[in-house]
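Q: Provided below are the primary sequence and the corresponding predicted coordinates.
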Protein chains: 2
Amino acid sequence: MNIAIIGLGLIGGSIGLAIKKTKGQGVRVIGFPHREETIAQALMLGAVDEGTLDLSQIATADIVFIATPLNKIIHALKESIPHLKKGVIVTDVGSSKYEIVKEAQSLMPKGTFFVGGHPMAGKEKAKLVSAEAELFIGRSWILTETTRTSKKAIETLTSLIAEMGSSVLIMDPKLHDLAVAGVSHMPLAISAALVNAVAFSKDGVEEMKKCASSGFRDTTRIASGDPELGVGMFTTNKKAVLKMIKGFKNSLSQLESAIKANNPDQILAFLQKAKEFRDGVFQG
Amino acid sequence: MNIAIIGLGLIGGSIGLAIKKTKGQGVRVIGFPHREETIAQALMLGAVDEGTLDLSQIATADIVFIATPLNKIIHALKESIPHLKKGVIVTDVGSSKYEIVKEAQSLMPKGTFFVGGHPMAGKEKAKLVSAEAELFIGRSWILTETTRTSKKAIETLTSLIAEMGSSVLIMDPKLHDLAVAGVSHMPLAISAALVNAVAFSKDGVEEMKKCASSGFRDTTRIASGDPELGVGMFTTNKKAVLKMIKGFKNSLSQLESAIKANNPDQILAFLQKAKEFRDGVFQG
């Protein structure tokens, strides 16, 4: 089997390492990085068997992973399409899916297959040098399904992904986007919004800095992440994020009303509901 | 020196242990717990030299720490007042200060002194059994100052608190309340509001549960805390919390507008500002 990986950062590199580790001799991995110098690095790490900037070399691939930044996925697909062989399965690793899947499905030539994907794995450093074969072990890897998605393509990808150690979750692209908006993009939105509310408070900024401890630290941790990644989330998953912001505002307004109304029972009920739901998702 | 501690939970017990450890023989600590059976426990732990439910015994105290739950502080003060000796310094450990300080100052008899206090130390388990002499080491301990506050009382408390290992921060009670609203109460408000927005989303709740990982986990951690503590925060620090909710909503609306307007530069600037401020407060 020939596997192509377009984009050799943390995710692309880790896919290469994971596949080569689990498939061994039975597979050939060709990497298509953004820059020439990445080829030597990827070969040295053992993430690919071969590297090239020439996308016409994708013609031999049975499976293609597009692991570029989110806003380059459709561009990479368009550049690849003239060279794809019949029966090829193309998937991506972008963290929002509805727009990408819609456009990709309309672009794919007859007899080729696109399945939107999203491995729920990451690290703070999104570089090839941090790539590891074990990145996906124990993680979820979402594959999206629409009426136009080939069941067979999903099956093929599911076994390959299982070999890398992840369990596949099949989701509708729109529900996927709403889900990541709720549990991945919203945490950043409210975390950054709280930091800025503190930073630009008319009074007490110095006092707040002095009083900040573990509650503020944990709740705002992701506001210290890479801002460029955040821009990617909010621009590519705009609709779902705006929907969740609206839901969040309604939720916060309920608490606000209860506080305004001096209603401790209502505040308690609000906090109890939140605790109950969160305790059902996480321990600690 | 005689020191009285009203309320022997985590904080009251730890104050007793810390004072007895650092002051040794030169001090006598009398504990006034809420329940009879706590006396034996506090004696066994070495948190007090003596324990009683009879508040008239407070008459010998030079310094009084009121370490009851927030909503019991004024009640405890009122009960103590008939028995206080001239020159006594009374302080509390409540996490909101403006209302308490205002009322306490108006209640204190001539020749007695009240200084609002807030040790920035805690643990998940707010019980006497978790008390430790080292709880305050390296933490901040806020003392509030108004035009009616005795400088000498602040000095006396500052040296005692320094002996327990904390550094004292002097703050205006109102700015203190705004500060804890911003960095302690708001994190809970938005954390619980996000969990409920997810829990009550019209679509995708199951998908969100499946997709939730570290970002959601950290950002919502404090929503799994004790709801009763949250009720205490929001009811006793109402004004400051409502002010910060307003500021937070404005801040979130800025991000929302930037997303709506497809303005990546504005989103980036928002996230960069947040990152810069937070990185200036915490590392990691």
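A: Nice, thanks for sending it over.

Q: so does stretch A:57-72 get close to chain B?
A: No. Taking C-beta under 8 Å from any C-beta of the partner chain as the criterion, stretch A:57-72 and chain B are apart, separated by no less than 9.5 Å. In short, each C-beta sits where N, CA and C put it, glycine included.

Q: mind listing what's buried in that stretch?
A: Of all the residues in stretch A:57-72, those buried under the rule 16 or more other C-beta atoms under 10 Å in any protein chain shown are A:58, A:61, A:63-70, A:72.

Q: Out of those residues, which is nearest to residue B:94?
A: Taking C-beta to C-beta as the measure, residue A:70 is the one of those closest to residue B:94, at 47.6 Å.

Q: Now do the closest one, the pLDDT please.
A: If you check residue A:70, the pLDDT there is 86.

Q: Can you tell me the element residue A:118 falls in?
A: According to DSSP states H and E, residue A:118 maps onto strand A:117-119.

Q: Which neighbouring elements make contact with that strand?
A: strand A:140-144 (3 or more C-beta pairs under 8 Å, 6 or more residues apart in numbering or on different chains; DSSP states H and E).

Q: relative to strand A:140-144, how tilted is the following helix or strand past the strand it packs on?
A: Once strand A:140-144 ends, the next helix or strand along the chain (criterion: DSSP H and E) is helix A:151-163. If you take axes from the mean of the first three to the mean of the last three C-alpha atoms, to 10 degrees, helix A:151-163 sits at 170 degrees to strand A:140-144.

Q: And for the helix or strand that contains residue A:176, what's in contact with it?
A: Here residue A:176 sits within helix A:173-180, counting by DSSP H and E. For helix A:173-180, the surrounding residues in contact (C-beta atoms under 8 Å, 6 or more residues apart in numbering or on different chains) are A:95-98, A:100-102, A:116, A:118, A:142, A:144, A:146, A:171, A:237, A:239-240, A:243-244, B:201, B:203-204, B:207-208, B:210-211.

Q: Surely residue A:14 is in contact with residue A:137?
A: No. Residue A:14 is not in contact with residue A:137 according to C-beta atoms under 8 Å; the separation is 10.4 Å.

Q: Mind giving me the packing neighbours of whichever helix or strand comes after the helix holding residue A:176?
A: Heading C-terminal from helix A:173-180, the first helix or strand you meet, by DSSP H and E, is helix A:186-199. In terms of contacts (3+ C-beta pairs under 8 Å, 6+ apart), helix A:186-199 is packed against helix A:205-211, helix A:214-219, helix A:227-236, helix A:238-260, helix B:186-199, helix B:214-219, helix B:238-260, helix B:264-281.

Q: now, of those helices, which is deepest in the fold?
A: Compared across those, helix B:186-199 shows the largest average neighbour count, a mean of 27 (mean count of other C-beta atoms under 10 Å in any protein chain shown).

Q: angle of that helix against helix A:173-180?
A: Going by the same axes, to 10 degrees, helix B:186-199 makes 160 degrees with helix A:173-180.

Q: who's more crowded, residue A:14 and residue A:137?
A: Taking other C-beta atoms under 10 Å in any protein chain shown, residue A:14 and residue A:137 do not tie; residue A:14 has more neighbours (28 against 12).

Q: quick one: that one from chain B, how far?
A: Computed as C-beta to the nearest C-beta, to the nearest Å, the residue A:14 to chain B distance reads 16 Å.

Q: Just the element for that residue, please.
A: Using DSSP H and E, residue A:14 sits in helix A:10-23.

Q: What is that helix packed up against?
A: Under the contact definition 3+ C-beta pairs under 8 Å, 6+ apart, helix A:10-23 sits against strand A:2-6, strand A:28-32, helix A:36-45, helix A:151-163.

Q: could you dump the last one to PDB, C-alpha only?
A: Right, helix A:151-163. C-alpha atoms of helix A:151-163 as PDB (Å, rounded to 0.1, in the frame of the first residue of the first chain):
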ATOM      1  CA  LYS A 151     -18.900   3.300   3.500                       C
ATOM      2  CA  LYS A 152     -16.000   1.300   2.100                       C
ATOM      3  CA  ALA A 153     -13.600   4.300   2.400                       C
ATOM      4  CA  ILE A 154     -14.600   4.800   6.000                       C
ATOM      5  CA  GLU A 155     -14.000   1.100   6.700                       C
ATOM      6  CA  THR A 156     -10.500   1.200   5.100                       C
ATOM      7  CA  LEU A 157      -9.600   4.400   7.100                       C
ATOM      8  CA  THR A 158     -11.000   3.000  10.300                       C
ATOM      9  CA  SER A 159      -8.800  -0.100  10.300                       C
ATOM     10  CA  LEU A 160      -5.700   2.000   9.400                       C
ATOM     11  CA  ILE A 161      -6.500   4.500  12.200                       C
ATOM     12  CA  ALA A 162      -7.200   1.600  14.700                       C
ATOM     13  CA  GLU A 163      -3.700   0.300  13.900                       C
END
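
Q: Please name the nearest non-neighbouring residue to residue A:184.
A: Nearest residue to residue A:184, sequence neighbours excluded (C-beta to C-beta, 6 or more residues apart in numbering or on different chains): residue B:215, at 5.3 Å.

Q: Could you double-check that the one you found sits in contact with residue A:182?
A: No. In this structure, residue B:215 is not within contact of residue A:182 by C-beta under 8 Å, at 10.8 Å.

Q: Any idea how many residues pack against the nearest residue to residue A:119 once chain neighbours are set aside?
A: Excluding the flanking residues, the one nearest residue A:119 by C-beta to C-beta, 6+ apart is residue A:141, at 4.5 Å. The number of residues packed near residue A:141 is 23, by other C-beta under 10 Å.

Q: can you tell me how far residue A:141 sits from residue A:18?
A: 11 Å (C-beta to C-beta, to the nearest Å).

Q: Confirm residue A:53 sits in a helix?
A: No. Counting by DSSP: H, G, I helix; E, B strand; the rest coil, residue A:53 is located in no helix; its state is coil.

Q: residues contacting residue A:70?
A: Applying C-beta under 8 Å, 6+ apart, we find residue A:70 in contact with A:94-96, A:100, A:232, A:236.

Q: at 6 Å instead, please
A: Taking C-beta atoms under 6 Å, 6 or more residues apart in numbering or on different chains as the criterion, residue A:70 is in contact with A:94, A:232, A:236.

Q: got a list of what residue A:224 touches?
A: B:275, B:278-279.

Q: now residue A:93
A: Contacts of residue A:93 (C-beta under 6 Å, 6+ apart): A:11, A:67, A:117, A:119.

Q: Mind doing that once more with 8 Å?
A: By C-beta under 8 Å, 6+ apart, the contact list for residue A:93 reads A:11-12, A:15, A:65-67, A:117-119.

Q: Quick one, grab the pLDDT at it.
A: Reported pLDDT for residue A:93: 96.

Q: For it, give me phi and psi.
A: Main-chain dihedrals, residue A:93, degrees, to the nearest 10: phi -130, psi 20.

Q: Roughly how far does it sit from residue B:152?
A: 66 Å.

Q: Over to residue A:179?
A: 59 Å.

Q: So between those two, which is more surrounded?
A: residue A:179 (31 against 11).

Q: In space, what's closest to that one - neighbours in sequence excluded?
A: Per C-beta to C-beta, 6+ apart, closest to residue A:179 is residue B:207, 3.6 Å.

Q: cool, residue A:87 as well?
A: Nearest residue to residue A:87 in three dimensions, chain neighbours excluded: residue A:111, at 6.4 Å (C-beta to C-beta, 6+ apart).
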